[in-house]
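In: mind looking at a prediction? Sequence and model below.
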Amino acid sequence: MKSQTWRFIITGILVVLAFIGFWNTLRLWTLSDQDKANMEEQSPGAINELQKKAMRLGLDLQGGVHVVLRVKMEDESMVGLSSEDRADAVDRAIQVIRNRVDFTGVTEPIIQKQGDDRIIVDLPGYTDADRAEDLIGQTAQLQFKLMETYDNASVLLAKIDSTVSAIRKVEKESTGEAETKAEEPTASPDTTSREDDILAQLLGDDTLSTDDAGILEAEDNPLTQYLDPFLFSSKSNTPWPGYIVLAKDRRKIEQILKMPEVKQLIPSDIQFGWSTRPDVANAQEVYRLYVLKEKVQFLGKFLENINLGKGQFQEHTVDFRLTGQAAAAFARLTGANIDKPLAIVIDDKVESAPIIASKIRNDGQITMGAGATIEDAQDLEIVLKAGALPAPVEIIEKNVVGPTMGSDSIYKGLVSSLVGLALVLVIMFIYYKISGLIADIALVFNLFFLLAVMAGLGATLTMPGIAGIILTVGISVDANILIFERIREELRTGKTVRASIDAGYDRALLTIIDSHVTTLLTAGALFIFGSGPIKGFAVTLFWGVLLSLYTAVVITKTVFDLRKGYKTLSI
Amino acid sequence: MFRIIGDTNIDFIGMRWKAFLLSGLLIILGLTAFVMIALDKANMGIDFAGGTMLQGNFDQPVDIGELRGAVTSGGFPEASIQRLEQHNVTNAFIVRVKDTKIEDQEAADVLIGIIKEKFPENAFHLDSQHIIGPAVGKTLRKDAQWAVLISIMGMLIYIGLRFDFRAGVAATIATFHDVLAVLGVFFILNKEINLLVITALLTLAGYSLTDTVVVYDRIRENLKKFRGKGEFVSTVNKSINEVLSRTIMTSLTTLIVIVTILIFGGEVLRDFALALTIGILVGTYSSVFVASPIMVEWEARSPKRFK
C-alpha cells in the first residue's frame, strides 16, 4: 500500500510538471488564426513570446531557410594568419551575420559555428532564399572609388580590341585550316565553302545596311561592339567611361576580360566594375560596366547613422553621417572632385556612381543604382549597419522549405500519428481486453509526457521527429505486451490472478530494461552524430522509449493494484 | 483470452539450415550493396553525394514524361523526377539532380530556366529547394559512418556484458544480417540511400536487437530452470516458442505504425518507412531463425553453457 501511495504521488507530480512544460505549446496550438490576430492587436509581440516558450518546430515543418557557409580560408585576407586569428575571423563573421539577421526581424534565428570554418544559419519562417543569401553571404566591403577619365579608358579599350581581334584572327586561321583539312575527303568541299562565303557576304551586307556595327567592324572591335556609353548628368557634360551592356552579352565581355593577354594590358591602377544588378534600358535587360581607378578613396566602415532616405528624384538612397577625421577626409575627397562621379563599390560591384555636386562633410547619401527596389536599399542599409565580413564566405549548403511543403508535412505528420495511434490503441484493446485498455491509458500518458519533455527542454520537432513519436507508439507498447504475455503464461500454470500479475511484472521487468537499452543506445548515437532533422528523430525516440519504461511499467501496475482481490482478469 | 497463436511447439532450430541458406543469400546481397556504396556506384541521395533538389507546383496539370524529357535533355541525364501528392496543392513535383553548379551558374537556376522554357504558359511555383555541396555530403557521410560504428559497438558491449561473448557475437551477426538485408533490397529496387534511410537502418538495428534480447532472456531463464534436465537445443526451441506470441504482437504493433507512416507520411518519410517495414519483417525472422540457431551451432561445436 505504501508503494502504491508513492506511485500516485510521483505520477501526480509528473502530470503537473508535464502540464507546466506543455502549457504554452498547448495554448499556441489551440489558438485559431482569429485568436492570434486578436491577441496581436491587444498586446503586440505576445504571440512571439508565446512561440518562444512553446515547442519549436523544425524548419521542415514551419518553413524557413537553412544555410551552411564556409569562410574562405584560402582568401588572401586569411592566408598567413595564425590559427587563432583565423578562428577569431570566423567568430567575427558569426557576429556580423547575427547582427544582419537581427535587423531582418526573424524570430529565433540559429547562428552557430560548425567545425573550424563553417557557420550554420537557420532562419525559421523566412522563405525568401535569394534575399537571405544576399544578406548573409555578401562580404559587404564598401569602398568609394573615382572613375578613370574617358580618354584613358578609350585608349585602353582600343588596345584590348586590337589585341583580342589579332588573337581571334590567328585562331580563326588555324581552325579554318583544320576545317578545310577535315573537309578534304568530302565530295565537293570547294562548292560548300564558296556557298558559305556568299552566304556570309549576304548576311554581312544585310547587317551593315541595318546596323552601324557590321560583321567586319565587329571583328575589329570584339569588346567595344557590345559597349554603349551612357551619359552622366554632370553640369559640364564631360563624358565618363560608363557603358550599357545587354545582359545577354555580359558573358562575352567577361570572357574577354578574363583572357591573360587582356589582363596584361590593364594597368594595375585601373579596374573594371559591373553594376550590382541589371536594370532596363530601351526595353532590354542591361548591366552597366564602369572603368574605375583602382585606388580606394574611402572605406565604408567610417559611416555612421545609416538610414534609408530619398534622393532628389525620389530614388531610394541610404543616408549616412560622418564625424571627426573621417568627415574631414571625406570633405577633402569630395571637395577635390566636384563634378566628377564617385563610384560606390560593394564587394567589387558598383552600386552607383553619382556625380559629386558639392563638397560633402558630414551628411552623405549613397544613391541606389538603376533598377534598385526598396528591398535592395533596405538590404544595403542592413549590411552597412552590421558591418563587413572579415573574410568572404561561400554557401556550401542551402535548404529552403517553402510554406507549401511545410504545411503539407505537418498535415501528413498529424494524419499518420493519429491513425497509427488509433490502430495501436484498438489492437491492444481487442487483444488484451481491459488490460489492453490499461496499456492504452499508459500509452496516452507516454505521449503526453513525451510532448511535455520536448516542449520543456526546448527541443525542436521535425518531420523525422514525428516519425520517432509514431515509432515510439509502436515500440512502447512492447513493454506491456511482454508483461501481459508473461501474466498469461503464469495464469496458465494455475497461479491465482494476483500472483500471476505480480510474477508477470517481476519477471518481465529485466527483459524490458534490456530491450529498451538497445534502442536508447541507437538514439544516443543518432543524436550525437546526426544533423538537424535526424537529431529530432533521435530526441523523440530517446525520450519516448525512456518515458515508456515508467508509463508502461509503473502506471499500468498502479492501475492493476487499484483492486486487491481479483477473481478473474480480463486479459 | 484472445490469442493469435496458442501454445506452439515448432521446431525452429530444426529449420536452421534452410534459414541459414536464405540468410546467406540476403547477406551476400547486402554485402554487394555495401561494396557498391563504397565504390560510389549505388544510388546515393543528394545529402551524401551532393546535389540539388527542387520542389514546386504547376498551375495546370503536367505530364511527368514531358517534364522528365525536358530536364534530362537539358543537360541532366541522371535527373530523378517524382510526382508529389500534397494536400494543399496539385501538380507538385520533386526534381533531384546530382549537380550543384553548371559552369558558374547554380544548377537550381538552370533547372528552373529549363522548366520555364518548356512550359511557358504554365507557371511553375518553386516552393522548396535543397542544395548540398560535395563537401557537406562528405561530412554527412563521415558522421553517418561514426553513428553506425558507435551504436553497433555500444550494442555489442551491452549484450556482451548482459549475456556472454557468444551471445553478443550471435546477436551482432543477426543485427548485421537485418541491416544488410534491407540495404540489399534497397539496392535491388534502386532506391535512394539517404540520411533518413541510414537512420532507419540504425533504428532497425536497435529494434532487431531488442527482439533477440527477449529470446535470449528466456533461454537463460529456462536454462536455469531446467538445468541438467534437458538438452540445449530443446531448451532453445522451447524458449523461442514461449516468446513467439510476444514477438509477433510487438512486430505487429510496430509494423502497423510504420505502415501508417508509409501510407500517410508523405514523400519525405516514404523510404524511411519502407526501410523500417522491410527491416521489421526481416528482424522478426532473424531473432527466431538466425540469432538462436547460431548459438546452437556454436554450442554443438564447443559445448560451454550459456550464461
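Out: Looks like it came in fine. Values in this document were obtained by computation on a predicted structure and should not be read as measured data.
In: the longest helix in the chain is where?
Out: Going with chain A. The residue-count maximum for a helix in chain A (DSSP state H) belongs to helix A:403-456.
In: switch to chain B, please.
Out: Ranked by residue count under DSSP H, the longest helix found in chain B is helix B:232-264.
In: quick one: is stretch A:348-366 near chain B?
Out: No - Stretch A:348-366 stays clear of chain B (C-beta under 8 Å from any C-beta of the partner chain), getting no nearer than 15.2 Å. C-betas here are computed from N, CA, C, even on glycine.
In: next, the buried residues of that stretch.
Out: Burial within stretch A:348-366, assessed by neighbour count using 16 or more other C-beta atoms under 10 Å in any protein chain shown, is assigned to A:349, A:350, A:351, A:352, A:353, A:354, A:355, A:356, A:360, A:364, A:365, A:366.
In: list the contacts of the residue nearest the centre of chain B.
Out: The residue at the geometric middle of chain B, judged as the C-alpha nearest the mean C-alpha position with C-alpha atoms, centre = their mean, is residue B:275 (3.4 Å). Each residue near residue B:275 by C-beta atoms under 8 Å, 6 or more residues apart in numbering or on different chains is listed here: B:182, B:186, B:197, B:200, B:201, B:204.
In: count of neighbours near the second one?
Out: To tie it back to what came earlier, the one meant is residue B:186. For residue B:186, the neighbour count with other C-beta atoms under 10 Å in any protein chain shown is 23.
In: go on, the last one?
Out: Residue B:204 sits with 24 neighbouring residues when counted by other C-beta under 10 Å.
In: repeat that for residue A:314.
Out: For residue A:314, the tally of surrounding residues (other C-beta under 10 Å) stands at 7.
In: what are the phi and psi values for it?
Out: Residue A:314 adopts backbone torsions of phi 70, psi 20, taken as degrees, to the nearest 10.
In: could you give the secondary structure assignment for the closest residue to residue B:251 other than its chain neighbours?
Out: Here the nearest residue to residue B:251 in space, its sequence neighbours aside, is residue B:284; by C-beta to C-beta, 6 or more residues apart in numbering or on different chains that works out to 4.4 Å. Each residue gets one of three states, and residue B:284 gets helix by DSSP: H, G, I helix; E, B strand; the rest coil.
In: export the contacts of residue B:275 to CSV and tack on secondary structure and pLDDT?
Out: What follows is these, written out as CSV (DSSP: H, G, I helix; E, B strand; the rest coil; pLDDT from 0 to 100):
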residue, secondary structure, pLDDT
B:182, helix, 95
B:186, helix, 93
B:197, helix, 90
B:200, helix, 90
B:201, helix, 89
B:204, helix, 89
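In: between these, which is nearest residue A:232?
Out: Among those, residue B:197 lies closest to residue A:232 (C-beta to C-beta), at 60.0 Å.
In: shouldn't the closest one be in contact with residue B:45?
Out: Yes - between residue B:197 and residue B:45 there is a contact at 7.4 Å, judged by C-beta atoms under 8 Å.
In: pLDDT at residue 158, what is it?
Out: In the absence of a named chain, this looks at chain A. Reading off the confidence values, residue A:158 has pLDDT 92.
In: hmm, I had chain B in mind actually
Out: Model confidence at residue B:158, expressed as pLDDT, equals 84.
In: enumerate every residue touching it.
Out: Contacts of residue B:158 were listed using C-beta under 8 Å, 6+ apart, and they are A:517, A:518, A:521.
In: residue B:154: what's it in contact with?
Out: A:521, A:524, A:525.
In: Throw those into TSV and include neighbour count and pLDDT, thanks.
Out: What follows is those, written out as TSV (neighbours: other C-beta atoms under 10 Å in any protein chain shown; pLDDT from 0 to 100):
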residue	neighbour count	pLDDT
A:521	24	85
A:524	17	87
A:525	24	85
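In: contacting chain B as well, which ones from those residues?
Out: Near chain B, taking C-beta under 8 Å from any C-beta as the test, the members of the contacts of residue B:154 found are A:521, A:524, A:525.
In: dump those to CSV, plus secondary structure.
Out: Putting those into CSV (three-state DSSP) gives the following:
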residue, secondary structure
A:521, helix
A:524, helix
A:525, helix
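In: just checking, what packs against the strand or helix carrying residue A:164?
Out: Assigned by DSSP states H and E, residue A:164 belongs to helix A:150-183. With contacts defined as 3 or more C-beta pairs under 8 Å, 6 or more residues apart in numbering or on different chains; DSSP states H and E, the secondary structure elements packing on helix A:150-183 are helix A:189-210, helix A:215-220, helix A:260-265, strand A:270-275, strand A:284-293.
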